[in-house]
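Colleague: Make a model of this:
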Amino acid sequence: MIKTEQEFDAASERVCHFLRQVAQLRKTESNPVNYRMSAAGFLAEIDRMNLEIRDYLLSHPTEAAKS
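Modeller: The predicted structure follows:
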């Protein structure tokens, strides 16, 4: 769970890093089955992190300070 702006920045950077890795896999992996198997873990982690980012952005800063 993201609680601070610093954690938000780190999560955002991590999502970008994983997206670049998947994009690179698309360019270099010639076998579609291998690509999907390799990309699936990254994409699942991107989805998980995006949900955390979404929850953080949905909360107002005053709400985060109370919890």
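Colleague: Could I get the contacting residues of Ser12?
Modeller: By CB atoms under 8 Å, 6 or more residues apart in numbering, the contact set of Ser12 is Ile53. To be clear about C-beta, it is placed using only N, CA and C from the backbone, and glycine gets the same treatment.
Colleague: Where does Leu51 fall, secondary structure wise?
Modeller: helix 32-58 (DSSP states H and E).
Colleague: Which positions within that helix qualify as buried?
Modeller: By neighbour count on 16 or more other CB atoms under 10 Å, the buried set for helix 32-58 is Ser38, Ala39, Phe42, Ile46, Met49, Ile53, Tyr56.
Colleague: Might one say that the last one is in contact with Phe8?
Modeller: This means Tyr56. Yes: contact status for Tyr56 versus Phe8: in contact at 5.5 Å, counting by CB atoms under 8 Å.
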